[in-house]
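Peer 1: sequence and computational prediction follow.
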Amino acid sequence: MSTTPAPFTAADYRARMARAAHLAAQAGLAGVLVAPGPDLVHLTGYRPTATTERLTVLVLREGRDPVLVVPTLEAPDAEQAPGAAALRLRDWTDGHDPYAVTAPLLTSGGRFGVSDNTWALHLLGLQHALPASSYVSLTEALPMLRAVKDAFELERLAAAGAAADAAYEEILKVPFAGRKETEVAADLAALLLRFGHSQVDFTVVGSGPNGANPHHEAGDRTISAGDMVVLDFGGLKHGYGSDTSRTVHVGEPSPAEQHIHDVVREAQQAGFAAVLPGVACQEVDRAAREIIDEAGYGDLFIHRTGHGIGVTTHEPPYMIEGEEQPLVPGMCFSVEPGIYLPGRFGVRIEDIVTVTDDGGRRLNNTDHAMAIVS
């Protein structure tokens with residue numbers, strides 16, 4: 001029976017913020033500035049109801065209490081955040097300069113890591129208040145900040161993956177032929193919610209030639225017999241993401257279609273088999289890409305092999321050539337090679353994988369074989 005995981009505590013968030021401040025100091029940073037977004041959710045549990053032009057920023061510096069700067073009208077909500085007891089709030093009111101309120105918390109001339117989704121408006125305001133300060137993105141400065149999950153996070157990611165798997169098993173039972181992509185996408189979204197997702201982030205249904213666009217959004221094309229259909233879907237369950245892809249066929253596939261699917265299936269298995277602690281992220285990409293290159297379709301594999309996942313569905317680490325970050329137990333990421341034939345069809349197979357002490361573990365476990373749908 002599915003159970004709801006125990007909520008993270010203020011102590012959990014306190015430990016995360018302390019770790020972030022320590023990692024920043026190790027990286028030679030004066031501190032970390034975190035705007036609303038996935039980093040703020042991870043570190044404090046606070047998700048503002050609306051992200052506006054009003055400055056909200058978490059200030060983390062090693063050896064100092066964490067401080068969350070918030071607009072006064074949003075302070076009551078911030079006080080109810082799961083991690084609020086682990087930090088101090090400093091509010092500011094409309095008509096006052098929020099950067100003047102924030103500046104004393106920083107060090108003039110210091111170099112700070114800034115969450116990637118910080119508004120330029122706010123970064124420029126801080127630069128004006130502290131002209132000697134400088135800033136670097138957290139993805140560049142602290143790429144491992146959210147990359148390694150603890151046991152409680154892995155529990156949530158596994159539950160999200162299992163729910164996405166259940167949705168896939170059910171979508172195979174619905175009719176495809178004669179229906180629009182948007183109708184099948186709506187079925188997928190309803191199934192994700194039915195199996196416990198609180199939020200649906202995407203439901204890609206790419207039929208026929210639309211499947212050759214990896215980020216095709218479900219459209220008004222009517223699915224027909226003989227179509228290959230790429231399904232890529234996910235969202236959040238218990239605050240953590242799911243993301244899986246399978247490619248199905250309406251009726252029996254041609255030998256050429258089956259061959260392409262077999263190549264992608266082999267590539268996905270090769271990428272998964274490359275997952276080992278200490279191995280560079282790029283080796284996962286290389287392993288999957290080698291299979292597709294050798295089959296003669298290298299130019300048609302047009303994206304990275306994988307991306308990290310956690311409180312959002314795309315985050316570091318990335319499985320791509322040039323990424324030398326070694327894999328660490330607790331990392332979670334997708335392994336999703338694909339082949340895309342413009343004007344014809346596409347094939348993608350994707351699982352979320354976590355690194356273990358001796359290899360990898362799939363968090364998606366549905367059949368990789370090409371399912372036949374009606």
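Peer 2: Alright, I've got the coordinates.
Peer 1: may I have the phi/psi pair for the residue nearest to residue 71 when sequence neighbours are not counted?
Peer 2: Closest residue in space to residue 71, ignoring its immediate chain neighbours: residue 54 at 4.2 Å, by CB to CB, 6 or more residues apart in numbering. Bear in mind the C-beta positions are built from the backbone N, C-alpha and C, glycine included. Main-chain torsions, residue 54, degrees, to the nearest 10: phi -80, psi 130.
Peer 1: equivalent analysis for the one 5 residues further on, please.
Peer 2: Geometry field for residue 59 lists phi and psi as phi -110, psi 120, criterion degrees, to the nearest 10.
Peer 1: residue ranges with poor pLDDT in the stretch 51-200 of the chain?
Peer 2: The stretch 51-200 of the chain contains residues with pLDDT under 70 at 51.
Peer 1: restricting to C-alpha, output stretch 202-220 in CSV.
Peer 2: This file holds the C-alpha atoms of stretch 202-220, laid out as CSV (Å, rounded to 0.1, in the frame of the first residue of the first chain):
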residue,chain,number,x,y,z
PHE,A,202,4.4,17.8,-19.1
THR,A,203,2.7,15.2,-21.3
VAL,A,204,4.5,14.9,-24.6
VAL,A,205,2.5,12.9,-27.2
GLY,A,206,4.5,12.9,-30.5
SER,A,207,2.8,10.9,-33.2
GLY,A,208,4.2,10.1,-36.6
PRO,A,209,6.4,13.0,-37.8
ASN,A,210,5.7,15.0,-34.6
GLY,A,211,7.8,12.3,-32.7
ALA,A,212,10.9,13.6,-34.5
ASN,A,213,10.7,16.7,-32.4
PRO,A,214,12.0,15.8,-28.9
HIS,A,215,10.0,18.6,-27.2
HIS,A,216,6.9,18.4,-29.3
GLU,A,217,3.9,19.5,-27.3
ALA,A,218,0.7,17.5,-27.9
GLY,A,219,-1.2,19.1,-30.7
ASP,A,220,-4.3,18.6,-32.8
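Peer 1: with just CA atoms, put stretch 70-83 into CSV.
Peer 2: This file holds the C-alpha atoms of stretch 70-83, laid out as CSV (Å, rounded to 0.1, in the frame of the first residue of the first chain):
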residue,chain,number,x,y,z
VAL,A,70,10.8,38.9,2.1
PRO,A,71,8.2,41.5,1.3
THR,A,72,6.2,42.3,4.4
LEU,A,73,2.9,41.3,2.8
GLU,A,74,4.4,37.8,2.2
ALA,A,75,6.0,37.4,5.6
PRO,A,76,3.0,35.5,7.1
ASP,A,77,3.3,32.8,4.4
ALA,A,78,7.1,32.6,4.8
GLU,A,79,6.6,32.2,8.6
GLN,A,80,4.6,29.0,7.9
ALA,A,81,7.3,27.5,5.6
PRO,A,82,8.5,24.1,6.8
GLY,A,83,12.0,25.4,7.3
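Peer 1: state the distance from the residue nearest to residue 71 to residue 113.
Peer 2: Distance of residue 54 to residue 113, given as CB to CB, to the nearest Å: 22 Å.
Peer 1: for these two, indicate the residue with more neighbours.
Peer 2: Counted by other CB atoms under 10 Å, residue 54 and residue 113 do not tie: residue 113 has more neighbours, with 26 against 16.
Peer 1: is it true that that one touches residue 134?
Peer 2: No: using CB atoms under 8 Å, residue 113 is not in contact with residue 134; the gap is 10.6 Å.
Peer 1: right, and the residue nearest to residue 71 touches residue 75 too?
Peer 2: No: Residue 54 is not in contact with residue 75 according to CB under 8 Å; the separation is 11.4 Å.
Peer 1: overlap in contacts, these two.
Peer 2: Here residue 54 and residue 75 have no joint contacts, going by CB atoms under 8 Å, 6 or more residues apart in numbering.
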